[in-house]
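Peer 1: Return atomic coordinates for the entry below.
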Amino acid sequence: MLPVVTASADDSAPSAVQEISLDSTGVGPQAVYGSSGVTQISFPQPAAHLALSGSFVRLFFSHSTNLGTGSSAVVAMNGQPLSTIPLSNSTAPGGVVEVRLPLNTVSEQGPNKLEVRFTMHSTAQPAPAPTDLYGRLDGQTMIHYQLALPQSGLPGLQTYPYQMVAEAGYSQTVGVVLPEQPGNEELGTALRVIADLGRRSGPQRPDITLVGSDRMGWLTAGGHPAVLIGRVDRIPSAALNATSWKRSDRGLTGPDGRVLGPDDGLLAIATSPWDHHSPMVLITGATDAALVKASAALVGASGLPITGDSTVASQGEPSSHEPIETIAINVGSPRDLLPSESGRYRTSVGFAAPPVAPDAASQLDIRVPSFKSAPAKPTFLAAELNGQRIGTASIDPSSGDPRNLQFSFPGRVLRPGSNGVTFEFQLRGSGALTGSAATESRDDTLTGSLVLPRFPSHSTDLRTLPYPFFFQGSPHRTAVVITDSGQATLDAAAQAMLGLGARSAVPPPHLDSRVGESNLPRGSDLIIVGAAPAPGSGELARVAGRLPLGVSDSVGTLQQAQMSSGDLVLWVGGGKDTLRPAARALADVQLRGDAVTVDAAGHIQIASAVSSSPAARIASAGLPKLLAVLAGVLLALVLGFQLVRPRREETA
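Peer 2: Presented below is the predicted three-dimensional model:
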């Protein structure tokens, strides 16, 4: 049990909470070494306006043992000190503290920088080397934004999805509710929304159930947030009546008298009319085209702002998106929290990136500002990406000119989805600023960019997921095929979308979807979720036969392969005990190769050594026999030639 220092956050459970952890940003755990060190982490701004109170940071920390009086960790937000945590042997193995964030310390327009300064005085004899002293923030460290509610008390769409998910560490089931026998567009909308939840929810990632049968039984039971999806004529009347939109002779009419157009999508939020407590979001419209527009607006693909209790989506999304090739990096300055002391300073920021080829060359370009007039001057800089050092440089502390640095690294250092870059400075103190130097304008922000190669558009390596399946600029569309309508298979499909969404750098694209169809769509990359088909049963069986491991109910598998048509297939397979764990494994950033197996406990085993199709494996297994036969035939020919040759000489 970790010792808890203090808890100053409000006791009441917030109704709309956004939480962002070091792990979810990609930054991960951070450690500083020496008697004095600072770590600074840039967190994204809140998704909506903050409530007057209730926001806090929760620190999970550890540090060196045998620390004496005066050892502490000072916590600051955007340069404003908030709290001092005393460090002692009781907190050395690990401690937890919550520090309240006054509203005036948090920015709603830009990143918020959490800073922790460790000061450590050791009582150990002999005195330890400076590198033996350390302070560490674990990856669970998070910022907790309490989002403001309108006067009505109902969260607006601008707080989606955070009004539907629980705080980190608590479970929450969200139902994505479809009509009975949903159409392909309704199912595709549901899967897109689930993938977006995986992308955005971070440590608040919910459990998802895809309700495809007995939806009224599920809704009337209550107790869970819900996303209702369907054309207007297939949405329950009670759910629609709970919104500010009503059916009329002219059609679906909003509170301002606006009539929903035939191809307009509608997003609305309301309180469940069945339990009068749970939040409920509706995605609807009169046509399939309207559903596509509404889902694009909800996931942020159309660029349409969503606010209030309803939004009409009249515009579609761009037909294609250029791949991400440059990512801007903007972090703080070593002046921020160490005005005059020597020590180590780490500044980190998270970013989302698409997958790149593992061996492709990537590059980090950074501009190091001048620190000539600073009281604490950097003498050394190291750059880390996802905890791996990718470059170092010495810095002349007396130079008055900025310096441009370039560090190259292989693509395998990057992760699909969340990544973190950290710059560590070694600072040499020289006293406080005085006179005009203390007031002069300073351009000391560390800026830069990551230059990425294009990702391999037809790679079968699992590490490149969710691309190309989630790349809207691909010449191929993506279709999701769920092999049967059983609840276990539907929920596995939901888990697969959550995992793929968590690996995505951008909103998920529109997805063609279908359940249990024997005729697979032509000219589409396929994501197939479900158990093994019966041998010889049709197209699904033929696809399964071309996979590296085949498909079996006895073991969960994740496999990618390219079909003879050029289309790519990702198959999430398994039986009743292994299908769901296999789907959940898609969120694991350590996936490698073209195939892995997943057991019922979720343990992943890479099977990339078995990279050929079953037919190729049979052929390769028979190759030694074929070579032996050919060798025998050749030997017989040689012996026959030797027997015939003397007779010809005698005849001559």
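
Peer 1: could you pull out the helices for the chain?
Peer 2: Assigned by DSSP state H, the chain shows helices spanning 22-25, 184-200, 215-221, 237-241, 288-299, 487-502, 539-545, 579-584, 614-651.

Peer 1: Next, the angle helix 487-502 makes with the fifth one.
Peer 2: If I follow you right, that is helix 288-299. If you take axes from the mean of the first three to the mean of the last three CA atoms, to 10 degrees, helix 288-299 sits at 50 degrees to helix 487-502.

Peer 1: Counting by contacts, list what helix 288-299 packs against.
Peer 2: On a contact count with 3 or more CB pairs under 8 Å, 6 or more residues apart in numbering; DSSP states H and E, helix 288-299 meets helix 184-200, strand 265-271, strand 279-285, strand 310-313. Using the backbone N, CA and C atoms, a C-beta is placed for each residue, glycine as well.

Peer 1: Of these, give the one that comes closest to Ala531.
Peer 2: Taking CB to CB, helix 184-200 is the member of the helices and strands packed on helix 288-299 nearest to Ala531, at 18.5 Å.

Peer 1: just how off-centre is that closest one within its chain?
Peer 2: 15 Å (CA atoms, centre = their mean, to the nearest Å).

Peer 1: Extract the C-alpha set from it and format it as CSV.
Peer 2: C-alpha atoms of helix 184-200 as CSV (Å, rounded to 0.1, in the frame of the first residue of the first chain):
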residue,chain,number,x,y,z
ASN,A,184,-24.3,-1.5,-42.5
GLU,A,185,-24.1,2.2,-42.1
GLU,A,186,-25.5,2.1,-38.5
LEU,A,187,-23.0,-0.6,-37.6
GLY,A,188,-20.1,1.3,-39.3
THR,A,189,-21.0,4.5,-37.3
ALA,A,190,-21.0,2.5,-34.1
LEU,A,191,-17.5,1.1,-34.7
ARG,A,192,-16.2,4.5,-35.7
VAL,A,193,-17.5,6.0,-32.5
ILE,A,194,-15.9,3.2,-30.4
ALA,A,195,-12.5,3.7,-32.1
ASP,A,196,-12.7,7.4,-31.3
LEU,A,197,-13.4,6.6,-27.6
GLY,A,198,-10.3,4.5,-27.6
ARG,A,199,-8.3,7.4,-29.1
ARG,A,200,-9.6,10.1,-26.7
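
Peer 1: So which elements touch it?
Peer 2: strand 173-177, strand 207-211, strand 226-229, helix 288-299, strand 477-482, helix 487-502, strand 512-515.

Peer 1: which parts of the fourth one are buried?
Peer 2: By neighbour count on 16 or more other CB atoms under 10 Å, the buried set for helix 288-299 is Ala290, Leu291, Val292, Lys293, Ala294, Ser295, Ala296, Ala297, Leu298, Val299.

Peer 1: Now do the contacts for Asp351.
Peer 2: Small correction: residue 351 is Phe, not Asp. By CB atoms under 8 Å, 6 or more residues apart in numbering, the contact set of Phe351 is Gly26, Ile327, Ile329, Ser418, Asn419, Gly420, Val421, Leu450.

Peer 1: what's the answer for Gly387, then?
Peer 2: Gly28, Pro29, Gly420 are the contacts of Gly387 under CB under 8 Å, 6+ apart.

Peer 1: I'd like to know how many residues surround the first one.
Peer 2: For Gly28, the count of nearby residues is 22 (other CB atoms under 10 Å).

Peer 1: Let me know the pLDDT of the most centrally placed residue in the chain.
Peer 2: Nearest to the mean C-alpha position of the chain, by CA atoms, centre = their mean, lies Ala502 at 3.1 Å. pLDDT recorded at Ala502 is 93.

Peer 1: just to revisit the earlier point, any chance of the helices and strands packed on helix 184-200 in JSON lines, with distance to Val106 too?
Peer 2: What follows is the helices and strands packed on helix 184-200, written out as JSON lines (distance: least, CB to CB, whole Å):
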{"stretch": "strand 173-177", "distance to Val106": "27"}
{"stretch": "strand 207-211", "distance to Val106": "30"}
{"stretch": "strand 226-229", "distance to Val106": "29"}
{"stretch": "helix 288-299", "distance to Val106": "26"}
{"stretch": "strand 477-482", "distance to Val106": "39"}
{"stretch": "helix 487-502", "distance to Val106": "26"}
{"stretch": "strand 512-515", "distance to Val106": "40"}
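
Peer 1: So which of the ones you listed is nearest Thr243?
Peer 2: Relative to Thr243, the nearest member of the helices and strands packed on helix 184-200 by CB to CB is strand 226-229, separated by 10.2 Å.

Peer 1: thinking again about what came up before, relative to Leu252, how far out is the residue nearest to the centre of the chain?
Peer 2: Separation of Ala502 from Leu252 (CB to CB, to the nearest Å): 35 Å.
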